[in-house]
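In: Based on what follows, work out the 3D shape:
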Amino acid sequence: VLRTNNAGAFVATVRAFLSLAESIGGNDVEGMRRQVVGRIRAPLVTLVAGSPPEQVHCLLRHVDSLVELCPGIFDDEYRQFYVRYTEPSHIKYLKIAILPKLANPDNAPDIVAELGEYAADADAQMGRIAIRSMSRIAVRDIGGEGSV
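Out: All right, here's what the predicted structure looks like:
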């Protein structure tokens, strides 16, 4: 993968590889996509953790689209998407919206517990988004051990 700290160059390269995987086609387009996204997962999470808020917003939007494209690929990185107190509100809202997409039977209890903390926050908008995210996990019925 491209070794750069420039988020724009990184995202453009990822999009180029994904486009190339689509154009090559073949029988295993999904496998090629998962391979590309799997290889960029760690550097992308590192960029999200260490970039300025404007870049983090853009990177989180790309993470959201990649999670839709390849479900399950970021599931083990779910703690990286927990909200930090010092983050701007729009970043917090994006992270809370991404968390239910990362939920699986193994990590759903942890994610729901974290979302429960956000639901009781003084920020009413953050509480609404957290409750909506918990309901998405419940509707997908991936509560894990002890779920109904």
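In: per-residue confidence for the residue lying farthest from the centre of the chain?
Out: Note on the chain: the largest C-alpha distance from the chain mean falls to G26, namely 27.7 Å (Cα atoms, centre = their mean). Predicted confidence (pLDDT) for G26: 71.
In: what residues are up against it?
Out: M32 (Cβ atoms under 8 Å, 6 or more residues apart in numbering). C-beta here means a position set from N, CA and C on the backbone, and glycine is covered the same way.
In: For the helix or strand of the chain with the lowest mean pLDDT, output the C-alpha coordinates as PDB.
Out: Every helix and strand of the chain was ranked by mean pLDDT, DSSP states H and E. The lowest is helix 7-24, at a mean of 83. The C-alpha coordinates for helix 7-24 follow below in PDB (Å, rounded to 0.1, in the frame of the first residue of the first chain):
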ATOM      1  CA  ALA A   7      -5.100  11.400   3.500                       C
ATOM      2  CA  GLY A   8      -6.200  12.600   0.000                       C
ATOM      3  CA  ALA A   9      -3.500  10.600  -1.800                       C
ATOM      4  CA  PHE A  10      -4.300   7.600   0.400                       C
ATOM      5  CA  VAL A  11      -8.100   7.700  -0.400                       C
ATOM      6  CA  ALA A  12      -7.500   8.300  -4.100                       C
ATOM      7  CA  THR A  13      -5.200   5.300  -4.300                       C
ATOM      8  CA  VAL A  14      -7.700   3.100  -2.500                       C
ATOM      9  CA  ARG A  15     -10.400   4.300  -4.900                       C
ATOM     10  CA  ALA A  16      -8.200   3.500  -7.800                       C
ATOM     11  CA  PHE A  17      -7.500   0.000  -6.600                       C
ATOM     12  CA  LEU A  18     -11.200  -0.600  -6.000                       C
ATOM     13  CA  SER A  19     -12.000   0.700  -9.400                       C
ATOM     14  CA  LEU A  20      -9.300  -1.500 -10.900                       C
ATOM     15  CA  ALA A  21     -10.800  -4.500  -9.100                       C
ATOM     16  CA  GLU A  22     -14.200  -3.700 -10.600                       C
ATOM     17  CA  SER A  23     -12.900  -3.300 -14.100                       C
ATOM     18  CA  ILE A  24     -10.900  -6.500 -14.000                       C
END
